[in-house]
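Undergrad: quick one, structure for this:
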Amino acid sequence: MLPWGLVFLWLVARERITSLNEAGCSTKKLLWTYSPGKEEEFVLFCDFPEPRRNHFSHKSPHSPTPSPGSLPCSGSEDLTDVQWYRQRGDQGPVEEIAGGHLHMAQNKNTLRFSAPEMTEAGTYICKPRIRTLYSSRSAQDGACCAKIVLEVRPQTAAPCSTSAPHKQYLILGTVGSIHCPRLSCQGDAHRPEVTWYQNGRVLSEEKSNSILLDDIYDYHQGMYVCDYALSSNSSSWTARAVVQVRTIVADTKFKPDIVYPIKEILEVELGKPLTLHCTVRFGFQRDFNPVIRWYIKDTDWEWELPIFQEKSIKSTLEEEVIEYAVLLKEVTQSDLGRKFVCFAQNSIGNTTQTIRLKEKQGVVFLYILLGTALTLVGVLVVGVLVYTYWIEILLLCRTYKSKDETLRDKKEFDAFVSYAKWSSLGIEDPSPLSEEHLALSLFPECMQKTL
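TA: Numbers count the residues shown, from 1 in each chain. Here you go, the predicted model:
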């Protein structure tokens with residue numbers, strides 16, 4: 001049963017391909033002229049016919065638009081999700097374009113070619129994907145499609161010196177213009193009318209070979225396509241060129257800035273691996289070619305260290321930050337006397353940052369230092385407490401020292417007599433009843449006997 005199922009699927013797929021109705025498709029002939037050896041892109045747009053309005057209009061018998069009897073694209077289908085087909089030659093089979101092409105990619109209703117090849121020539125047909133799945137082969141289904149005949153030719157004549165490139169840059173906040181390639185070499189009298197597209201959208205107001213911009217913003221960046229009529233060998237074609245436009249800032253006027261390392265001394269442990277990091281900030285340059293390297297500078301000679309890792313830390317419109325790292329498998333004693341230099345350079349100039357390695361002190365020394373500091377702090381705190389509460393400490397000591405006497409004397413009260421000796425001009429009172437005698441002898445004797 002499995003082989004018969006595969007045969008049935010093959011017949012269904014073959015029927016889908018061979019029964020594609022292209023009689024009512026709008027037809028357009030495009031010419032892709034490329035410069036050999038240069039990177040160029042090309043795109044095909046699935047331009048469906050516009051919906052017909054309710055008024056009479058005269059149509060040329062050679063018009064590529066559908067006949068009055070056929071209805072253009074309408075309904076609920078998504079016209080941005082289409083299916084592309086290709087026919088090689090005039091009588092070749094019509095093949096559905098799926099994924100897996102090296103130089104061809106589909107994005108919604110756009111078919112994009114990343115590199116020019118003569119084999120890409122042929123007939124391309126696009127239809128809404130929902131109509132492809134549920135085709136009724138009606139006149140209306142045939143009208144909702146677009147047929148593009150693509151001719152690919154290499155440019156034989158040498159380009160002129162004023163030919164516009166396919167990659168153009170606009171500086172933000174300034175005045176600029178976007179030029180259509182190969183039309184800038186022609187005089188004003190021979191320049192045809194141009195149809196411009198920006199990211200697939202028609203710029204109806206632009207008809208000349210260049211777009212003038214008074215003030216450039218971010219939204220001016222994108223893919224621009226210019227179409228113009230071209231007659232070749234008694235046949236008329238629509239020549240198409242693709243321009244990739246990028247909005248930028250003005251080139252920097254400064255040398256690179258090394259943001260790390262900042263310190264000139266780096267503590268390391270002998271015998272262990274070490275990774276040296278150098279982080280550099282570069283200003284924007286259109287032709288960006290940064291140079292970063294580490295090298296060792298000894299007494300008599302110097303040499304460069306091999307790269308270990310390089311990565312982008314930050315990338316913006318104005319700057320680029322890059323980290324460059326090298327690896328030392330083992331830090332030796334001889335490394336402590338050397339200079340390690342980070343070197344960074346752009347087209348403006350270069351800058352360097354030098355560091356030296358210093359052996360890291362052991363953990364025991366840290367503990368000793370910490371213990372000494374804590375001891376000094378403790379002694380200081382104890383001294384302050386003793387100085388503040390000296391009287392209380394003295395009384396407390398006297399109390400505990402003489403507590404045995406108070407227990408044996410069988411008395412209910414204790415008395416403490418304090419006497420401050422006073423003397424005026426060194427003359428002492430000779431009388432036997434002086435204050436000193438009363439305080440030191442008489443009062444204690446009386447209290448001992450009476451209390």
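
Undergrad: in this structure, which residue is most central in space?
TA: S315 (4.6 Å; C-alpha atoms, centre = their mean).

Undergrad: now do the contacts for that one.
TA: By C-beta atoms under 8 Å, 6 or more residues apart in numbering, the residues touching S315 are V321. (Each C-beta comes from the backbone N, C-alpha and C, glycine too.)

Undergrad: ditto for L380
TA: Taking C-beta under 8 Å, 6+ apart as the definition, L380 has no contacts.

Undergrad: just checking, next helix/strand downstream of the strand or helix carrying it?
TA: Element membership for L380 (DSSP states H and E) is helix 363-388. Using DSSP H and E, the helix or strand that directly follows helix 363-388 along the chain is helix 390-401.

Undergrad: what is the burial count for the closest residue to V152 other than its chain neighbours?
TA: Among residues not flanking V152 along the chain, A121 sits closest, at 4.3 Å (C-beta to C-beta, 6 or more residues apart in numbering). Close neighbours of A121, defined as other C-beta atoms under 10 Å, add up to 14.

Undergrad: need the contact list for L230.
TA: L31, P192, S236, W237, T238, A239.

Undergrad: filter those to the buried ones?
TA: With burial judged by 16 or more other C-beta atoms under 10 Å, the buried subset of the contacts of L230 is L31, W237, A239.

Undergrad: residues in contact with the first one?
TA: Counting by C-beta under 8 Å, 6+ apart, L31 makes contact with E151, R153, L230, S232, W237, T238, A239, R240.

Undergrad: for those residues, which one is nearest S184?
TA: Nearest to S184 among the contacts of L31: A239, at 13.7 Å, using C-beta to C-beta.

Undergrad: what's the helix or strand for that closest one?
TA: strand 235-248.

Undergrad: right, and the helix or strand after that strand?
TA: strand 257-260.

Undergrad: so what are the sheet partners of that next one and their directions?
TA: Paired strands of strand 257-260, with direction, are strand 274-283 (antiparallel) (DSSP bridges).

Undergrad: and the strand it pairs with, what's buried?
TA: L274, L276, C278, T279, V280, R281, F282, G283.

Undergrad: what residues does that strand touch?
TA: The contact list for strand 274-283, computed with C-beta under 8 Å, 6+ apart, reads 251-254, 256-261, 268, 288, 290, 292, 294, 305, 308, 313, 318-328, 331, 340, 342, 344, 346, 353, 355, 357.

Undergrad: are any of the residues you listed buried, and which?
TA: 252, 256, 258, 261, 268, 290, 292, 294, 305, 320-326, 328, 331, 340, 342, 344, 346, 353, 355, 357.

Undergrad: how much space between N289 and F282?
TA: 10 Å (C-beta to C-beta, to the nearest Å).

Undergrad: now the common contact residues for these two.
TA: Common neighbours of N289 and F282, using C-beta under 8 Å, 6+ apart, are N346.

Undergrad: helices or strands next to the helix or strand containing T354 in the packing?
TA: Using DSSP H and E, T354 sits within strand 350-359. Packing partners of strand 350-359 (3 or more C-beta pairs under 8 Å, 6 or more residues apart in numbering; DSSP states H and E): strand 257-260, strand 265-268, strand 274-283, strand 339-345.

Undergrad: V243: neighbour count?
TA: Using other C-beta under 10 Å, V243 has 22 neighbouring residues.

Undergrad: for the residue lying closest to it once chain neighbours are set aside, what are its contacts?
TA: Nearest residue to V243, sequence neighbours excluded (C-beta to C-beta, 6+ apart): Y224, at 4.4 Å. Neighbour list for Y224: I178, W196, Y197, Q198, I211, V242, V243, Q244, V245 [criterion: C-beta under 8 Å, 6+ apart].
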